[in-house]
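*Asks:* pasting the sequence and the predicted coordinates here, then a few questions.
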Amino acid sequence: MTDELGLPPGAFARIDEEDDEAFYEPARLVTHIDDHAVRVLTGLYREVLPAGGVLLDLMSSWVSHLPPDIAYAEVVGHGMNAEELAANKRLSRWFVQNLNRDTALPLADKSVDAAMICVSVQYLQQPVAVLRDVARVLRPEAPLVVSFSNRCFWTKAVAVWRSLDDTGHARLVEAYLNHAGFEAIETHRLCPYIEDEQDPMYAVIGRAPR
């Protein structure tokens, strides 16, 4: 896949190559972006995610940052820690799965109206394979929102992510989505970085193939 993306060997290596299950075993009931970043992301979700639809919150935790006043038919959560997912009150159901080992989602074709990956895409070692399967479960033209900031678990982020700045991260995610078959890809700079005051927040949105 590094050849497919034009990336050098080792692009998806990590500083910590021990099992992900061990790293994610402790529940981290914290928010990984600041309050302003949460607000702007929630605002984007309000605009992009269909009210009353079936959502897939991929690589989720104990919060999903969804608009509190909007109801959805179902919110399916995925993550690496059962305690975090069980604490997420927006999830209708959830499952634990290591996507770096198994990229196939346990969901039916064209069964989801929108999907989100919040501040976690940097941990995927097979991003195109995962996103191709996300495209499979999405209905035609359904959105996928991939959001990120400048925070991460540094030792678990892949090498190519660690080597890039925010603009480079956006271009990398755009390439992931393009190679996974998504269409109408667009990048939104939701808020800029202000040192010691404000986290940056970006979102790349792609639409499932028609």
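*Replies:* Perfect, thanks for sending it.
*Asks:* now for the protein, the helix or strand with the poorest mean pLDDT.
*Replies:* Least confident helix or strand, the chain: helix 2-5 with a mean of 73, by mean pLDDT, DSSP states H and E.
*Asks:* which helix or strand lies directly C-terminal to it?
*Replies:* Next along the chain after helix 2-5, taking DSSP states H and E as the criterion, comes helix 20-23.
*Asks:* list the buried residues in that following helix.
*Replies:* 20, 23 (16 or more other C-beta atoms under 10 Å). Just so you know, the C-beta spots here come from the backbone N, C-alpha and C atoms, and that holds for glycine as well.
*Asks:* which other residues reach stretch 77-92?
*Replies:* 20-21, 24-29, 56-64, 66, 74-76, 93-99, 105 (C-beta atoms under 8 Å, 6 or more residues apart in numbering).
*Asks:* and that stretch, end to end?
*Replies:* Length of stretch 77-92, first residue to last, C-alpha to C-alpha, to the nearest Å: 8 Å.
*Asks:* could you list the buried residues of it?
*Replies:* Residues of stretch 77-92 classed as buried by neighbour count (16+ other C-beta under 10 Å): 77, 78, 79, 80, 81, 84, 85, 88, 90, 91.
*Asks:* so which of these are in helices?
*Replies:* 84, 85 (DSSP state H).
*Asks:* now the buried residues of stretch 77-92 in a markdown table, with distance to residue 121 and pLDDT?
*Replies:* Formatted as a markdown table, the buried residues of stretch 77-92 follow (distance: C-beta to C-beta, whole Å; pLDDT from 0 to 100):
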| residue | distance to residue 121 | pLDDT |
| --- | --- | --- |
| 77 | 16 | 98 |
| 78 | 13 | 98 |
| 79 | 14 | 97 |
| 80 | 14 | 95 |
| 81 | 18 | 96 |
| 84 | 18 | 96 |
| 85 | 18 | 97 |
| 88 | 19 | 97 |
| 90 | 20 | 97 |
| 91 | 20 | 98 |
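*Asks:* report the buried residues of the lengthiest strand in the chain.
*Replies:* Longest strand of the chain, by residue count under DSSP state E: strand 183-191. Residues of strand 183-191 classed as buried under the neighbour-count rule (16+ other C-beta under 10 Å) are 185, 188, 190, 191.
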